[in-house]
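> Pasting a predicted model and its sequence here:
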Amino acid sequence: MCGIAGVVRFDRPAEAAREQLARMRARLRHRGPDGEGDAFTSAAALTSTRLAIVDPAGGAQPLRSTDGRYTLVYNGELYGHDDLRRALPGPWRTGCDAETVLRAWETWGPECLDRLDGMFAFFVWDEARRQGFAVRDRLGVKPLAYRFVDGVLTFASEAQAIVGADDRAPGVDVEAIVEYLVAPAMSGVARSPFAGIDYLQPGCVARIDRDGLTLQEYWRWRPETTGEGDTRAWTSALRVALGEAVRSSLGADVPIGVFLSGGLDSTAIAALARPHLAELPAFTITFRDERRWDDRSRLVVSCDTPHAAAAARALGLHEHHEVAFDRAELAQELRAIARVNDALPAWEQELSQRALSRAAAGQLKTVLVGDAADETHYGYHFLLDPVATSGPAAILSRLGSVPVRRDVDPDPVRRLDQEYRALIEDAGGRFGDAESRVIATTHLIVRRWLPRLLHNGDIQTMAFGLEARVPLAARALVDLAAQIPVSVALAGGVEKAALRGALRGVIPESIRTRRKSALPKEQGADGVYLAEAAQVCRDPHPVARALVDLDAVATIVEAHSGAHAGAHAGAHAGAHAGAHAGDGRPLPEPVRAQLFRVVCLHHWACAHGARAP
């Protein structure tokens, strides 16, 4: 696992980018504190910061082929790479999966992408042909941002490394920020909020040569889910694929832990990984008064702590850490997540990810996470709701849109609804009968929602030099999930029914049948959000002033502040600023989400010195 960056240009020697490369590398050091290196070819200047997990002594990067033709910088983890090595010629210089990728490219060229399994973003330079290729894994677990201007390609694991290497303040992409305000779960995927910077799309490869930059899709999620199907056969196949996916993700020369929520996915990963590991430390987020949910959330429907504790006992996880979120640090943590997440924080749960990551990084370099199952196995309960699956706008209505200035975009929901429908139709989806609507909605979830969720997980863990592995994104498992009929996947009106069936007898029954509940968040945050949002309305960053209807936001704040004594006493009052729903009428969840994003936009713009449009 690493941070990678590079500059490719054909009008001057690669060494001319040495200073720019050093600045980008410095901005990525949190991703790889164990080592760093540069390589200069005829046109490509490449750098890497390394988090040493596989072959710590021998896996230094950038990595060159023995004949000097190819140079690679690589970020990620190739699942089961020892199996792939058996199909490749030796001898081998390291035990690192980066060398496996390099040798696969030497042997098969871009066709090797059909053989790679795991999470990765890499760039390989071919000196003989004077061309380079940037590649991102199929689901977008590992990020890769790039800018292509006047024939010059600049890329990095994080967009902030590109903007941070410039001397001028970055501009903003208005459409990207409007999408963030209105459709946070879909934002930060098709475009970056920094003007002129894009993200290489999941399942895509970009080729750079003297003729320019060419983008090509090498994989796309293609469901074949019509008909009834044999439920028993599907669950049996899933059980085998699950076991192999987890086993193949465990290659490491350092200890591995797990983020354990006590939900279906994380418990399944822990159960399937435990027999292969001497120990499996587990980490669970906890909050003060967390059992007082008061039916406040559509997604967080139950407290994780007792379920995680029960799972740890049942699986023999002797080292189970309950990570307490410090409510008094909430305002400070809002600034922190806005600084590190260059795509802008989309969910309050990123605060929980940050707390878990900080705690785990004190002991480990690698954790297993349960991401990707809900999105690829029909795991969201709203897929059973005919209204929610009637079109993209129905999903957006659940997310709490921030009021956007009418002179910026008079009807962003309508515009985005059309954009997402076009994306779905291009992938072959349509909003017809009930089954096709579920598949069409899942197209959007896999193409936009899932990459956003994975980006957030990468950014928040790697901020502490912690690798989050995603076994449920393994190639064979995802391909199998795409073949399961909707009638089987949602049998009996239960989300993720086929996956649940496959785990019968593998995990405790109380957890196997537990209703999905999202990663918990601080339910006592109302007063802090109100205070922070009020401050933004009084003294907004110019980016927020230019794009957000702050008068409307101020009205929202005022309407809810009366029920929260002390909300305007200041965000830094911490636990005493409207600390719990019991101090007044709780904020509706969409309002909390609105205020969270307004505050994060302000802090993001401040942290990066962004210029107003």
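Perfect, I can see it now. Numbers count the residues shown, from 1 in each chain.
> Could you export the helix ranked longest in the chain as PDB, CA atoms only?
Under DSSP state H, the helix in the chain containing the largest number of residues is helix 589-608. Extracted in PDB, the C-alpha atoms of helix 589-608 (Å, rounded to 0.1, in the frame of the first residue of the first chain):
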ATOM      1  CA  GLU A 589     -31.800  13.700   9.900                       C
ATOM      2  CA  PRO A 590     -32.000  15.500   6.600                       C
ATOM      3  CA  VAL A 591     -31.400  18.800   8.400                       C
ATOM      4  CA  ARG A 592     -28.300  17.400  10.200                       C
ATOM      5  CA  ALA A 593     -27.000  16.200   6.800                       C
ATOM      6  CA  GLN A 594     -27.500  19.600   5.300                       C
ATOM      7  CA  LEU A 595     -25.700  21.400   8.100                       C
ATOM      8  CA  PHE A 596     -22.900  18.800   8.100                       C
ATOM      9  CA  ARG A 597     -22.200  19.500   4.400                       C
ATOM     10  CA  VAL A 598     -22.400  23.300   4.600                       C
ATOM     11  CA  VAL A 599     -19.900  23.200   7.500                       C
ATOM     12  CA  CYS A 600     -17.600  20.700   5.700                       C
ATOM     13  CA  LEU A 601     -17.600  22.800   2.400                       C
ATOM     14  CA  HIS A 602     -16.600  25.900   4.400                       C
ATOM     15  CA  HIS A 603     -13.700  24.000   6.200                       C
ATOM     16  CA  TRP A 604     -12.600  22.300   3.000                       C
ATOM     17  CA  ALA A 605     -12.400  25.600   1.100                       C
ATOM     18  CA  CYS A 606     -10.500  27.200   4.000                       C
ATOM     19  CA  ALA A 607      -8.100  24.200   4.300                       C
ATOM     20  CA  HIS A 608      -7.100  24.300   0.600                       C
END
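> Which elements pack onto that helix?
Packing partners of helix 589-608 (3 or more Cβ pairs under 8 Å, 6 or more residues apart in numbering; DSSP states H and E): helix 159-164, helix 174-182, helix 330-340, helix 526-538, helix 542-547, helix 550-561. All C-beta atoms are positioned from the backbone trio N, CA, C, and that covers glycine.
> a markdown table please, covering these and showing distance to A121.
Shown next, in a markdown table, are the helices and strands packed on helix 589-608 (distance: least, Cβ to Cβ, whole Å):
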| stretch | distance to A121 |
| --- | --- |
| helix 159-164 | 13 |
| helix 174-182 | 20 |
| helix 330-340 | 18 |
| helix 526-538 | 33 |
| helix 542-547 | 28 |
| helix 550-561 | 36 |
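> Can you add mean pLDDT and mean neighbour count and give those helices back as JSON lines?
Output for the helices and strands packed on helix 589-608, formatted as JSON lines (pLDDT from 0 to 100; neighbours: other Cβ atoms under 10 Å):
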{"stretch": "helix 159-164", "mean pLDDT": "95", "mean neighbour count": "25"}
{"stretch": "helix 174-182", "mean pLDDT": "98", "mean neighbour count": "23"}
{"stretch": "helix 330-340", "mean pLDDT": "97", "mean neighbour count": "20"}
{"stretch": "helix 526-538", "mean pLDDT": "96", "mean neighbour count": "24"}
{"stretch": "helix 542-547", "mean pLDDT": "98", "mean neighbour count": "20"}
{"stretch": "helix 550-561", "mean pLDDT": "95", "mean neighbour count": "17"}
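> With H443 as the reference, name the closest of the ones you listed.
H443 sits nearest to helix 174-182 of all the helices and strands packed on helix 589-608, at 17.5 Å, using Cβ to Cβ.
> re earlier: of all the residues in the longest helix of the chain, which ones are buried?
Buried residues in helix 589-608, defined by neighbour count with 16 or more other Cβ atoms under 10 Å: 589, 591-608.
> and that helix with helix 174-182, angle?
Interaxial angle of helix 589-608 relative to helix 174-182 (axes from the mean of the first three to the mean of the last three Cα atoms, to 10 degrees): 140 degrees.
> Neighbours of the closest residue to V340 other than its chain neighbours, how many?
When the adjacent residues along the chain are set aside, V340 lies closest to A463, with 4.6 Å between them (Cβ to Cβ, 6 or more residues apart in numbering). By other Cβ atoms under 10 Å, 21 other residues sit near A463.
> What of P451?
Using other Cβ under 10 Å, P451 is surrounded by 25 other residues.
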